[in-house]
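[1] need a structure here:
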Amino acid sequence: MSLGRIVIVALLIGGGWQYWHSHKPHAPAVAVAASMDHEWTANGYRILPLQKFDFDARVLGTEHYSMDREADLAPVDLALGWGPMADPAVLAKVSISQSSRFYYWHVDEWPIPRREIEIHSANMHMIPASADVERALKSVKTGQHVHFSGYLVEARAPDGWHWVSSLTREDTGAGACELVWVENIAAQ
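    Numbering: from 1, shown residues only. Modelled structure (predicted):
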């Protein structure tokens, strides 16, 4: 397989740190307040904050879940791009899809180096902090710019099950995505 042609590459890419920001005003945000010394409960799961998170990106894809265990916590995954992965000229050459909590991309020719795609895009599992935030997340559309804030978190169930967010921008593959407790979201 040549570098100019790649067969579907599955990447569950860790989120990233704020890199790209639209200077247009954001729509009013839905907000819920919290602090790092607090933990939350959502549908019987303990939610532990790991790191404050504030992020701007272009939505590359959305996927809604209702059947897997994780849907109790994160009913929406957003595939997000920033920096070069928010550029429409680059995105015109990258096919994006999501399935089974994974984000997939495919290129016929490289619009930017592979590593730039990997570190400037991510699949993020979104845990809404309120019913208003959940409605806002479910209304997000591909192509929109979003701003959201909250925390990267770990979720724990009484039966020992747990789900932990990545805290680095350098990882790829299974376990490399962000698990985000979303307190504020605005889309335009």
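[2] Find the residue at the geometric middle of the chain.
    Nearest to the geometric centre of the chain sits Met124, at 2.1 Å (Cα atoms, centre = their mean).
[3] Would you check how far apart that residue and Pro75 are?
    Using Cβ to Cβ, to the nearest Å, Met124 is found at 13 Å from Pro75. C-beta: built from backbone N, CA, C; applies to glycine.
[4] and the residue nearest to the centre of the chain, what helix or strand is that in?
    Counting by DSSP states H and E, the element that carries Met124 is strand 121-128.
[5] Now the element after that strand, going C-ward?
    helix 131-138.
[6] Ala86: what's its closest spatial neighbour, skipping adjacent residues?
    Excluding the flanking residues, the one nearest Ala86 by Cβ to Cβ, 6 or more residues apart in numbering is Arg58, at 4.0 Å.
[7] For that neighbour, give me its contacts.
    If a contact means Cβ atoms under 8 Å, 6 or more residues apart in numbering, then Arg58 has Trp20, Leu80, Gly81, Trp82, Met85, Ala86, Leu91, Gly143, Gln144, His145, Val146 as its contacts.
[8] Flag every buried residue along the lengthiest strand in the chain.
    Among the elements of the chain assigned as strand by DSSP state E, the one spanning the most residues is strand 45-64. Neighbour-count burial for strand 45-64 flags 45, 47-50, 53, 55-63 (criterion: 16 or more other Cβ atoms under 10 Å).
[9] do stretch 179-188 as well
    Leu179, Val180, Trp181, Val182, Glu183, Asn184, Ile185, Ala186, Ala187.
[10] Moving along the chain from the helix or strand of the chain with the lowest mean pLDDT, name the first helix or strand you hit.
    When the helices and strands of the chain are scored by mean pLDDT, DSSP states H and E, strand 9-11 comes last with a mean of 31. Proceeding N to C from strand 9-11, the next assigned helix or strand is strand 40-42, under DSSP H and E.
[11] which sections of this structure are below the confidence cut-off?
    1-37, 169, 171-173, 175-176 (pLDDT under 70).
[12] if we look at stretch 154-161, which residues are touching it?
    Applying Cβ under 8 Å, 6+ apart, the set of residues contacting stretch 154-161 is 42, 44-48, 50, 69, 73, 127, 162-165, 179.
[13] same check, this time on stretch 134-148
    22, 24, 26, 29-30, 54-62, 64, 75-76, 78, 80, 86, 126, 128, 180, 182, 184-188.
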